[in-house]
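1. model this:
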Amino acid sequence: MADPTLTADVEPYLVTTTPAQPTPIPQIVAALRTITPLDGLTDAEYEWLATHGKERRGENDALVFREGEPAHAMNFILAGEIHVRRHHSGPAMLFIGRAGQMTGKLPFSRMKGYGGDGYSIGAAWVLDIDESRFPAMLQAIPSMAQRVVSVLLDRVREVTRMEQQADKIASLGKLAANLAHELNNPASAAQRSAASLFTELRQYGTQKYLLGRAAPSDEALAQYRAWVDRTRKRIAAYDKASDTISPLALSDREETITRWLNARAIAQPWTIAPALAETDVAPAQLDELAAICTPELLPIALSGFASSLRVERMADTVVDSTIRIFDFISAIKDYSYMDQAPIQEVDIAQSLDTTLSMFSARLNGVEVRKNYDPNLPVIRAYGSELNQVWTELIENAFDAMLTTEPPRVLSIATRLEGTLATVEIRNTGPVIDTAVLSRIFEPFFSTKGSHAGLGLGLDNAQRIVSKHSGMISVTSKPGDTCFQVRLPLDRVQAY
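-> Predicted coordinates:
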């Protein structure tokens, strides 16, 4: 057992130790009879384990083994529980060993060390069979070979399931972060505009009231309304025909209108000029308004008109933002194939575009080139699972290009090859080493480091493609790494 003190400034852990007074063999045999994988052993075989094993006991929260410590014994948990935690996986439980289980290093296993710290829950009692005794144990108890293999298979399945679940949670966390980022911008814009809209509407109502009081006659009001109608038509035509005005041009317009307002002694011109500058209102139109308004009416008329423009801009922002949110939610539903049957007719181009929309926050600085075959028919597939494949390949492409200088190009192409739909996802990242290429689809193999993933993403992608009777491959050369996925148009006919 390693030194229980982890660091100089941490209190030593309680550890499991060999009891000063050994437990009588009949009691150990009785406890071994509770180990499920040992059901059916003879009395002599139980006694062999009891006499050749080394027992350890520990109080609650005693350290049974430490992460990274070499594993050199098979363990029978005779009483209590052992909870295993990883240092680098947060507080999440990795494994729970309960009384009645056979665990630790088993014959035929490749286990080198413990994957986490093991702590006793309650009073623990463990019997260890040192690996040096494995050959003698297999000779004395021939059935142990089959029993051990069964436990190993169950353990591999369970660990794989937990690792896959953790990988799915990590992927879900990334997706949730992207969704939060994408939804935050339009939601924030809508919130700000809606909050400002209440204040602006009250101000606009006040301006309308002042305008009615200041107008010298009904004819003057009619002339003002006619000017508003003409100007709004001009603004609408401009908005429809023009692109977004550049910040520099907007600044020049605002300065021109501010000078016009100052020349006519309009109070607080900074509250009027910005709203007018965003439209096509020019000094010529303002001269028309000045010609039909008295000096007392002109400031009120301009303030009211500017206020109405601000109200409309805020309302437009709320509408546009909610449309963006609705469109994004629709994309999420398409991505997950919510409320649809497991197997759908999938438009691969649409599926790829929907997946790309999930990565909008990462597209800055990346040029996306698409080359979709318009003649590619829909395929029958598990739509949501195919989207997981595109997600993994596109995310890997983004990660690879992070280490390269611009230009960074993501190329996505589809084409029809006989009865197969082919998808190619390329990136301009660094070349993948040949040794890595040969293992890239292996489970738990990762080049991103222990904190960046579990190495199950490409393995999961390969399993999904195989489930569709398809093939996935990768080629890499400097500046061009390509993942190719080939899928039958109808997986039912692929067998």
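
2. what about Tyr119, helix or strand, and which?
-> Secondary structure from DSSP states H and E places Tyr119 in strand 117-130.

3. Sheet-wise, list the partners of that strand with their directions.
-> Using DSSP bridges, the strands paired with strand 117-130 are strand 54-58 (antiparallel), strand 63-65 (antiparallel), strand 73-85 (antiparallel).

4. What mean pLDDT does the one helix or strand Asn387 maps to get?
-> Using DSSP H and E, Asn387 sits within helix 383-401. Helix 383-401 carries an average pLDDT of 86.

5. Check which helices and strands that helix sits against.
-> helix 144-214, helix 297-336, strand 344-346, helix 348-357, strand 408-417, strand 420-427, helix 457-467, strand 480-488 (3 or more C-beta pairs under 8 Å, 6 or more residues apart in numbering; DSSP states H and E). Placement of C-beta: from N, CA and C, glycine included.

6. how far out from the middle of the chain is the fifth one?
-> When C-alpha coordinates are averaged (C-alpha atoms, centre = their mean, to the nearest Å), strand 408-417 and its chain have centres 23 Å apart.

7. Give me the below-cutoff pLDDT ranges for this protein.
-> Counting by pLDDT under 70, the chain shows low-confidence ranges at 1-14, 87-94, 160-178, 181, 209, 239-244, 331-342, 443-456, 491-495.

8. Skip ahead from the strand holding Tyr119 and say which helix or strand is next.
-> Toward the C-terminal end, the helix or strand that comes next after strand 117-130 (DSSP H and E) is helix 134-140.

9. Identify each buried residue in that next one, please.
-> Using 16 or more other C-beta atoms under 10 Å as the test for burial, helix 134-140 gives 134, 137.

10. which other residues reach that helix?
-> 45, 48-49, 52, 74, 107, 129, 144-145 (C-beta atoms under 8 Å, 6 or more residues apart in numbering).

11. repeat that for 7 Å
-> 45, 48, 107, 129, 144-145 (C-beta atoms under 7 Å, 6 or more residues apart in numbering).

12. Of those, which is the nearest to Arg56?
-> Closest approach between these and Arg56, by C-beta to C-beta: Ile129, at 12.1 Å.

13. ok, so what distance separates the nearest residue to the closest one once chain neighbours are set aside from Arg57?
-> Closest residue to Ile129 apart from its sequence neighbours, by C-beta to C-beta, 6 or more residues apart in numbering: Met74 at 4.4 Å. In this view, Met74 and Arg57 are 18 Å apart by C-beta to C-beta, to the nearest Å.

14. quick one on the thing from earlier: let me know which of the strands paired with strand 117-130 is tucked in deepest.
-> Of all the strands paired with strand 117-130, strand 63-65 has the most neighbours on average by mean count of other C-beta atoms under 10 Å, namely a mean of 23.

15. Return the distance of that strand from the chain's centre.
-> Centre-to-centre, strand 63-65 and its host chain are 35 Å apart (C-alpha atoms, centre = their mean).

16. if we can go back for a sec, could you dump the helices and strands packed on helix 383-401 into JSON lines and include mean neighbour count and distance to Pro269?
-> Below are the helices and strands packed on helix 383-401 laid out as JSON lines (neighbours: other C-beta atoms under 10 Å; distance: least, C-beta to C-beta, whole Å):
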{"stretch": "helix 144-214", "mean neighbour count": "14", "distance to Pro269": "15"}
{"stretch": "helix 297-336", "mean neighbour count": "18", "distance to Pro269": "9"}
{"stretch": "strand 344-346", "mean neighbour count": "16", "distance to Pro269": "58"}
{"stretch": "helix 348-357", "mean neighbour count": "20", "distance to Pro269": "43"}
{"stretch": "strand 408-417", "mean neighbour count": "17", "distance to Pro269": "46"}
{"stretch": "strand 420-427", "mean neighbour count": "21", "distance to Pro269": "52"}
{"stretch": "helix 457-467", "mean neighbour count": "19", "distance to Pro269": "58"}
{"stretch": "strand 480-488", "mean neighbour count": "20", "distance to Pro269": "57"}
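
17. Out of these, which gets nearest to Pro247?
-> Comparing the helices and strands packed on helix 383-401 by C-beta to C-beta, helix 297-336 comes nearest, at 16.3 Å.

18. Report the inter-axis angle for that closest one versus helix 383-401.
-> On the basis of axes from the mean of the first three to the mean of the last three C-alpha atoms, to 10 degrees, helix 297-336 is oriented at 110 degrees to helix 383-401.

19. Helix 297-336 packs against which elements?
-> Helix 297-336 is packed against helix 144-214, helix 218-241, helix 273-277, helix 283-292, helix 348-357, with contacts defined by 3 or more C-beta pairs under 7 Å, 6 or more residues apart in numbering; DSSP states H and E.

20. do that again at 10 Å, thanks
-> helix 144-214, helix 218-241, helix 247-263, helix 273-277, helix 283-292, helix 348-357, helix 383-401 (3 or more C-beta pairs under 10 Å, 6 or more residues apart in numbering; DSSP states H and E).

21. before we move on, the earlier item: compute the inter-axis angle for the strand holding Tyr119 and helix 144-214.
-> 170 degrees.

22. Centre of the chain to strand 117-130, how far?
-> Distance, stretch centre to chain centre, for strand 117-130: 38 Å (C-alpha atoms, centre = their mean).

23. Would you mind writing the CA trace of that strand as PDB?
-> The C-alpha coordinates for strand 117-130 follow below in PDB (Å, rounded to 0.1, in the frame of the first residue of the first chain):
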ATOM      1  CA  ASP A 117      -9.200   6.700  -5.600                       C
ATOM      2  CA  GLY A 118     -11.200   3.900  -3.800                       C
ATOM      3  CA  TYR A 119     -12.800   4.800  -0.500                       C
ATOM      4  CA  SER A 120     -14.700   2.500   1.900                       C
ATOM      5  CA  ILE A 121     -18.300   3.400   2.600                       C
ATOM      6  CA  GLY A 122     -19.100   1.900   6.000                       C
ATOM      7  CA  ALA A 123     -16.800  -0.700   7.600                       C
ATOM      8  CA  ALA A 124     -15.100  -2.500   4.700                       C
ATOM      9  CA  TRP A 125     -13.700  -6.000   4.500                       C
ATOM     10  CA  VAL A 126     -11.700  -7.100   1.500                       C
ATOM     11  CA  LEU A 127      -9.900 -10.300   0.600                       C
ATOM     12  CA  ASP A 128      -7.000  -9.900  -1.900                       C
ATOM     13  CA  ILE A 129      -5.500 -12.700  -4.000                       C
ATOM     14  CA  ASP A 130      -2.100 -11.500  -5.200                       C
END
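
24. Go through that strand and flag the buried ones.
-> 117-120, 124-129.

25. Do me a favour and get the end-to-end distance for stretch 81-100?
-> 10 Å (C-alpha to C-alpha, to the nearest Å).

26. ugh, typo on my part, it should be stretch 59-76
-> Terminal-residue distance, stretch 59-76 (C-alpha to C-alpha): 17 Å.

27. And for stretch 49-65?
-> Separation of the first and last residues of stretch 49-65 by C-alpha to C-alpha is 21 Å.

28. will you turn the helices and strands packed on helix 383-401 into CSV that also has distance to Pro135?
-> Converted to CSV, the helices and strands packed on helix 383-401 look like this (distance: least, C-beta to C-beta, whole Å):
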stretch, distance to Pro135
helix 144-214, 11
helix 297-336, 53
strand 344-346, 55
helix 348-357, 53
strand 408-417, 55
strand 420-427, 51
helix 457-467, 35
strand 480-488, 46
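
29. Relative to Asp39, which of the ones you listed is closest?
-> For Asp39, the closest of those is helix 144-214, at 9.0 Å, according to C-beta to C-beta.
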